[in-house]
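[1] next one to model:
(chains A and B)
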There are 2 protein chains.
Amino acid sequence: EHAGSEESVPAQPPFSARGMGVEEFFQRSIGEWRSQRSSHNLLWQQFEQVESEIVIENVTAEDEEVKGVCEQYKADADSIALAIRMSWEGTSDWDEDEVLKGSTVLVVLKDSETSGRLLRSVGYAEEIPAVGQWRMETDGVFVLDTSYDRAGAEERIWFATPDLRMRVSMIKTAGNTGVLTASFSSEIRRRGAGK
Amino acid sequence: EHAGSEESVPAQPPFSARGMGVEEFFQRSIGEWRSQRSSHNLLWQQFEQVESEIVIENVTAEDEEVKGVCEQYKADADSIALAIRMSWEGTSDWDEDEVLKGSTVLVVLKDSETSGRLLRSVGYAEEIPAVGQWRMETDGVFVLDTSYDRAGAEERIWFATPDLRMRVSMIKTAGNTGVLTASFSSEIRRRGAGK
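    Take a look at the predicted model:
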């Protein structure tokens, strides 16, 4: 109806994550997020739904937890590209009364501009500490591969818009031959949470 | 317990979709699939779960529906790289009594080795016919962008293993400024369904 007023809005090129580097990826991840997560158990064809709040903050190389995880993995503090603390609190539709809560520190080391290692602290939820291999794909997807004794995990995380992060996770059998569960998270930045 | 017998199993390199071309992507898609799909309504923070059966078949340029969609979009039948028919039948947890059922023909045209157009027929479910832009990413992800009058859609589909297809879909506002819904499908190949 009012084509004239529409024309007066400057055209914005649509957001694209293509070519995003690992520093920008983590910088954009800083903030408060509201997450919807769906898990598919591929063996039993079951669904799980989790709603949670996620907070991601920068931490420095001087942080005690960062120091601890670097010591554990014999990583030189000078080789740290960046480090963050991720905290989450949520509930699953499998048990509405149980609060899923935890926090972990992630330390990113670069082997090249587009790949390296990611160290994870045990965290308050007593997760298993782990070291994973990360890479940035050309289309801006951050991919993290982690091997455990009896299983493996692959995560693919990318920005659909500056305020919407998508995350696909797979839990694999040892040897990466099969996938046990696949899950998908939509993470929306909380308005007014600042950046 | 029997380390010796384990050692006698030849080691297989883990599957990787990296470098997959569009022909291989569609050839691997042929078959019968069992799908778990989760949709996230990002505005209302709602979840939907859909279970369905999907059948994907090769069709030739002589197929009536293929001819029809090529005529509709003024596409030269000689420029067809490949064409498939996709049929699905499923139910949503929002309404267990309603059967979601449909079929559509997809015609792939190549503008380059890694990009081109995808034409979609109306299909029995009376979906909107549409022409989308596809590209293969270096890590083997098939990306499809489709613009409608008042909305846009982006799909990212890739093989986690030869028998597991992952699909992330987003419905965007016109102009690609915001995302309304994000959905995730795990598609497992039916055993013995052949290829």
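
[2] so what's A:Gly116 up against?
    Contacts for A:Gly116 (Cβ atoms under 8 Å, 6 or more residues apart in numbering or on different chains) come out as A:22, A:81, A:108-110, A:133-134. Every C-beta, even on glycine, is put in place using the N, C-alpha and C of the backbone.

[3] swap that for A:Arg117, please
    A:Arg117 neighbours (Cβ under 8 Å, 6+ apart): A:75, A:108-109, A:111, A:131-134.

[4] look at it and report its pLDDT.
    What the model reports as pLDDT for A:Arg117 is 96.

[5] am I right that it is in a strand?
    Yes - per DSSP: H, G, I helix; E, B strand; the rest coil, A:Arg117 lies within a strand segment.

[6] contacting residues around the helix or strand A:Glu51 falls within?
    Following DSSP states H and E, one finds A:Glu51 within strand A:46-58. Contacts to strand A:46-58, defined as Cβ under 8 Å, 6+ apart, come from residues A:29-41, A:82-94, A:100, A:183, A:187, B:36, B:38, B:45, B:47, B:49.

[7] repeat the analysis, applying 7 Å as the threshold.
    For strand A:46-58, contacts defined as Cβ atoms under 7 Å, 6 or more residues apart in numbering or on different chains pick out A:29-40, A:84-94, A:100, A:187, B:36, B:38, B:47, B:49.

[8] any of those residues buried? List them.
    Among those, the ones that count as buried by 16 or more other Cβ atoms under 10 Å in any protein chain shown are A:29, A:31-40, A:84-88, A:90-92, A:187, B:36, B:38, B:47, B:49.

[9] keep only those of these that are in strands.
    A:31-40, A:84-88, A:90-92, A:187, B:36, B:38, B:47, B:49 (DSSP state E).

[10] quick check: the gap between the spatially closest residue to A:Val66 that is not a sequence neighbour and A:Glu32.
    In space, and not counting its chain neighbours, A:Val66 is closest to A:Ala83: 5.0 Å by Cβ to Cβ, 6 or more residues apart in numbering or on different chains. Distance, A:Ala83 to A:Glu32, by Cβ to Cβ, to the nearest Å: 18 Å.

[11] and A:Thr60, that one's in a strand?
    No - judged by three-state DSSP, A:Thr60 forms no part of a strand; its state is coil.

[12] quick check: phi and psi on it?
    The phi/psi pair for A:Thr60 (degrees, to the nearest 10) reads phi -100, psi 170.

[13] and it, how far from B:Thr173?
    Distance from A:Thr60 to B:Thr173, by Cβ to Cβ: 39 Å.

[14] which parts of chain A sit against chain B?
    Within reach of chain B by Cβ under 7 Å from any Cβ of the partner chain, chain A has these residues: A:14, A:36, A:38, A:40, A:42, A:45, A:47, A:49, A:137-139, A:160-161, A:164, A:166, A:168, A:170, A:176, A:178-179, A:182, A:184, A:186, A:188.

[15] can you rerun that using 6 Å?
    A:14, A:36, A:38, A:40, A:47, A:49, A:137-139, A:160, A:164, A:170, A:176, A:179, A:182, A:184, A:186 (Cβ under 6 Å from any Cβ of the partner chain).

[16] closest to the centroid, which residue in chain A?
    For chain A, A:Ile157 is the residue whose C-alpha lies nearest the centre (Cα atoms, centre = their mean; 6.0 Å).

[17] got a list of what A:Arg150 touches?
    The contact partners of A:Arg150, taken as Cβ atoms under 6 Å, 6 or more residues apart in numbering or on different chains, are A:Ala174.

[18] report pLDDT for it.
    So, for A:Arg150, pLDDT stands at 80.
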